[in-house]
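Novice: here are the coordinates; sequence isn't available:
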Ligand code: ADP
């Protein structure tokens, strides 16, 4: 099968979160299953671009409203990522250092999708599947069926994966002229609640809709940031497939970013060395349990209550645990965290920003990983934590529910709590401290056990293949 993944992110080319990890891994596993999976993404000015070699494979012109733009498609020469990687270069629009966060993101990702459709429409043959990820690519299933210039792509089955339904890519109707000319009576497919809603449009137009965990698919039917009814209506073509992790990138035995490599037999000693390094860097006490948080500092991740939860836990448990936070996001949360760090010097530290290398050392060196998320479509951090023998402390929601079992249950290996609140987190911190100090045998068993759970893409990559096969057969 020839599968075209279209995405705004792909690790290690450009990553802002879980989407990048997924698109960097899933195609590789699909290639290993014998398929021809490719990734098409925007050409940003990232390190990866300058450190690799490229062939120019296509150049073309397209319209964004009244503006004509030129685009080029370049291909990485050696398949260094384990699949064919294509970047779409649009001067002045896509070639920037950051992935998102510009005032003209709507125009940027519209142009990206138009250029991708145009390039695909010039191929002598048609791919078997086009698989779009999140709202930045969500208008492609519509464009391929109803935009006059691309209609001959309309018979290619499309899969749309919702990685996060909070962000829907809303576009005001007064920008509709930016879309390539389309069958005007199909406007209702673009619309949701009087705006052009790319996410809703993809849910309506794609041949199949997937979410990144079965529990998240259930949740979206009653909490989908306004799209609940649509998710109910389209349930027949929707399925939740749990994300996997790239077991080559996230492997404590070979990870180059950590201080000491280890496997499940050497977990105690391996983690001790990594913890020593981490605590040394951040002025924390390596003899106390170390609880870390890694992620975007936004409400979805319950980062707003993190400063209070850390302060309260430190007071209530008399400084028996240390905390380290890596993340960036809302400035109020960043400031509050800095405040707690100054107040509780020696107990709490933070790194405000994005740091891939540090994240690996934290998964390896921490004892516990805290994820109090309000919404967690799948969550990869907890799976990385498991692979590195770090006990996940998670709120029971979405993918966290699908991947973590509380240690109070039979063969449980994590800590779960029900509410994203300061008391629930403080209570869980107490359980973590007790486990670390007083239940050493259980704690050691948990670490070895969790490291052997297989959350790699093996099973889920096959599930996607089966989904594609069903579409092609019908
Ligand atoms: P998201 O909702 O952000 O996509 P996921 O749990 O699916 O959440 O994926 C988060 C990914 O981003 C993980 O690989 C995590 O390690 C990484 N990550 C998040 N924030 C940072 C940061 N500040 N520095 C380094 N890596 C980060």
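Specialist: Structure received. Nothing here was measured: the structure is a model prediction, and the numbers come from that model. Numbers count the residues shown, from 1 in each chain.

Novice: When you work out contacts or count neighbours from here on, use the C-alpha atoms and nothing else.
Specialist: OK.

Novice: buried sites along stretch 443-461?
Specialist: 443, 446-451, 455-458, 460-461 (16 or more other Cα atoms under 10 Å).

Novice: Is it positioned near the ligand?
Specialist: No - contact of stretch 443-461 with the ligand is not found when judged by Cα under 6 Å from any ligand atom; the minimum separation is 13.8 Å.

Novice: which residues of the stretch 151-300 of the chain fall in helices?
Specialist: 187-190, 198-205, 214-220, 228-233, 267-282 (DSSP state H, counting those that start in this stretch).

Novice: if you compare these, which one is most tucked away?
Specialist: Looking across the helices of the stretch 151-300 of the chain with neighbours counted as mean count of other Cα atoms under 10 Å, the highest average goes to helix 198-205: a mean of 26.

Novice: ok, back up a step: the buried residues of stretch 443-461 in helices, which ones?
Specialist: When the buried residues of stretch 443-461 are checked against helices (DSSP state H), the matches are 443, 446-451, 458, 460-461.

Novice: Among these, which one lies nearest to the ligand?
Specialist: Using Cα to the nearest ligand atom, residue 460 is the member of these that lies nearest the ligand, at 15.5 Å.

Novice: Make sure the closest one is actually in contact with residue 241.
Specialist: Yes - at 6.5 Å, residue 460 and residue 241 qualify as touching, with contact defined as Cα atoms under 8 Å.

Novice: Quickly note the distance from the residue of the stretch 101-250 of the chain found nearest the ligand to residue 135.
Specialist: In the stretch 101-250 of the chain, the residue that lies nearest the ligand is residue 164 (7.2 Å; Cα to the nearest ligand atom). Separation of residue 164 from residue 135 (Cα to Cα, to the nearest Å) stands at 9 Å.

Novice: which of these two has more neighbours?
Specialist: residue 135 (28 against 21; other Cα atoms under 10 Å).

Novice: about what we covered before: regarding the residue of the stretch 101-250 of the chain closest to the ligand, what are the backbone dihedral angles?
Specialist: Backbone torsions for residue 164, taken as degrees, to the nearest 10, come to phi -160, psi 110.

Novice: Please apply the same query to residue 88.
Specialist: Main-chain dihedrals, residue 88, degrees, to the nearest 10: phi -100, psi 120.

Novice: Quick check: pLDDT value at residue 212.
Specialist: pLDDT for residue 212: 97.

Novice: Now for it, how many residues are close by?
Specialist: Using other Cα under 10 Å, the number of residues around residue 212 comes to 26.

Novice: wait, it sits on residue 378?
Specialist: Yes - Residue 212 lies in contact with residue 378 (Cα under 8 Å); the separation is 5.4 Å.

Novice: anything in contact with each of the two?
Specialist: Common contacts of residue 212 and residue 378, defined by Cα atoms under 8 Å, 6 or more residues apart in numbering, comprise 163, 242-243, 399.

Novice: Tell me which of the ones in helices among the buried residues of stretch 443-461 has the lowest pLDDT.
Specialist: Among those, residue 458 has the lowest pLDDT, at 92.

Novice: Distance of the closest residue to that one other than its chain neighbours relative to residue 170?
Specialist: Ranked by Cα to Cα, 6 or more residues apart in numbering and with sequence neighbours excluded, the top spatial neighbour of residue 458 is residue 29, at 6.8 Å. To residue 170, residue 29 is 32 Å away according to Cα to Cα.

Novice: re earlier: which residues does the residue nearest to residue 458 contact?
Specialist: 457-458, 461.

Novice: what's the answer for residue 252, then?
Specialist: Contact analysis of residue 252 by Cα under 8 Å, 6+ apart lists 258, 261-263, 364, 387-388.

Novice: tell me which of these is nearest to residue 327?
Specialist: Lowest distance from residue 327 to the contacts of residue 252 (Cα to Cα) belongs to residue 364, with 16.9 Å.

Novice: What strand or helix carries that closest one?
Specialist: For residue 364, the element it lies in under DSSP states H and E is helix 356-365.

Novice: what's the following helix or strand after that helix?
Specialist: strand 368-371.

Novice: any idea how far the next helix or strand after that following strand is from the chain center?
Specialist: Counting by DSSP H and E, the next helix or strand C-terminal to strand 368-371 is helix 381-387. Computed by Cα atoms, centre = their mean, to the nearest Å, the separation of helix 381-387 from the middle of its chain amounts to 13 Å.

Novice: shouldn't residue 417 be in contact with residue 397?
Specialist: No - if you go by Cα under 8 Å, residue 417 and residue 397 don't touch, sitting 9.3 Å apart.

Novice: Compare the two and say which is more crowded by neighbours.
Specialist: Using other Cα under 10 Å, the more surrounded residue of residue 417 and residue 397 is residue 397, with 24 against 17.

Novice: returning to what we had before: could the helices of the stretch 151-300 of the chain go into CSV alongside distance to residue 55?
Specialist: Converted to CSV, the helices of the stretch 151-300 of the chain look like this (distance: least, Cα to Cα, whole Å):
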stretch, distance to residue 55
helix 187-190, 36
helix 198-205, 32
helix 214-220, 40
helix 228-233, 41
helix 267-282, 41
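
Novice: Could you provide those in CSV, with additional columns for distance to the ligand?
Specialist: What follows is those, written out as CSV (distance: least, Cα to the nearest ligand atom, whole Å):
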stretch, distance to the ligand
helix 187-190, 25
helix 198-205, 16
helix 214-220, 12
helix 228-233, 20
helix 267-282, 15
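
Novice: Spell out which parts of the stretch 201-350 of the chain neighbour the ligand.
Specialist: Residues of the stretch 201-350 of the chain found near the ligand (Cα under 6 Å from any ligand atom) are 294-296, 326-328.

Novice: I'd like these as a markdown table, with neighbour count and pLDDT appended.
Specialist: Shown next, in a markdown table, are these (neighbours: other Cα atoms under 10 Å; pLDDT from 0 to 100):
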| residue | neighbour count | pLDDT |
| --- | --- | --- |
| 294 | 22 | 98 |
| 295 | 20 | 97 |
| 296 | 19 | 96 |
| 326 | 21 | 98 |
| 327 | 20 | 97 |
| 328 | 19 | 96 |
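
Novice: Closest one to residue 382 out of those residues, please.
Specialist: Checking those against residue 382 with Cα to Cα, the nearest one is residue 294 at 10.0 Å.

Novice: got the end-to-end distance for stretch 322-340?
Specialist: Counting by Cα to Cα, you get 12 Å between the two ends of stretch 322-340.

Novice: Thank you, goodbye.
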